[in-house]
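Colleague: any chance you could fold what I've pasted below:
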Amino acid sequence: TELNLSDNELFDLPGNVASLVNLRTLDLSFNQLIMLPVEICRCINLESLRVANNKLTTLSVDFGKLVKLKKLCLNSNRLRELPEQLMSLPELISLEVARNELTTIPPSINKLSQLTHFDLSNNRLVSFPKVITNLVNLTALDLSSSTLKSLPDSIRRLTGLTKLKLSGNRLWQLPQTIAH
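Modeller: Numbers count the residues shown, from 1 in each chain. Next comes the predicted model:
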């Protein structure tokens, strides 16, 4: 089941959204949400959630209950840090947090071992988050339009990368290991 409520003026959702037990895909993009309603966390079969272009600063403490979530898009919100609740999503393969206010990535990102697509573009990252090099299943990593000045040698650990976007940074040198 899919529910698309994008491009509205929603500030909240009705509590009965939780009764949609077969809901697999939910799009709440381009609304006015400041907080995701806790009821969404009861949609335990949810696999894809888009909440781009809202006003989120954090996620509900129950967000980690969405253990079947595979794709999460939180682009263009007001996140200053990656909420710890994300690290409880064992099946997450795609995480998009572009155009937020992130300055660092927590070490607990390692828990997202299935992650293959990670979009961190247009954030406030000054240095390359070395912890990302532990996400060995990544095939696509976007760190474009940040203020990165260098890349760590450990980037060589991301051997599965087929797409690495670094445009719009302040890189002045690439590590020798990037070619390996």
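Colleague: quick one, phi/psi of N16?
Modeller: Phi and psi for N16, reported as degrees, to the nearest 10, are phi -70, psi 0.
Colleague: ok, it - contacts?
Modeller: When contacts are counted by Cβ atoms under 8 Å, 6 or more residues apart in numbering, N16 touches E39. For every residue, glycine as well, the C-beta is placed using N, CA and C.
Colleague: now it: how far from R42?
Modeller: As judged by Cβ to Cβ, to the nearest Å, N16 and R42 stand 10 Å apart.
Colleague: check for me that S121 belongs to a strand.
Modeller: No. Per DSSP: H, G, I helix; E, B strand; the rest coil, S121 lies outside any strand segment and is coil.
Colleague: wait, isn't it in contact with R99?
Modeller: Yes. Assessed by Cβ atoms under 8 Å, S121 is found in contact with R99 at 7.4 Å.
Colleague: out of these two, which sits in the more crowded spot?
Modeller: S121 (22 against 19; other Cβ atoms under 10 Å).
Colleague: what's near enough to touch that one?
Modeller: Residues in contact with S121 (Cβ under 8 Å, 6+ apart) are 98-99, 142-146, 165.
Colleague: please, where are all the strands along this structure?
Modeller: With strands called from DSSP state E, the chain shows them at 2-4, 25-27, 48-50, 71-73, 94-96, 117-119, 140-142, 163-165.
Colleague: how about those in CSV, adding mean pLDDT?
Modeller: Formatted as CSV, these follow (pLDDT from 0 to 100):
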stretch, mean pLDDT
strand 2-4, 95
strand 25-27, 97
strand 48-50, 98
strand 71-73, 98
strand 94-96, 98
strand 117-119, 98
strand 140-142, 98
strand 163-165, 96
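Colleague: do you know how far the residue lying farthest from the centre of the chain is from I155?
Modeller: Residue farthest from the centre of the chain, counting by Cα atoms, centre = their mean, is Q176 at 28.8 Å. To I155, Q176 is 11 Å away according to Cβ to Cβ.
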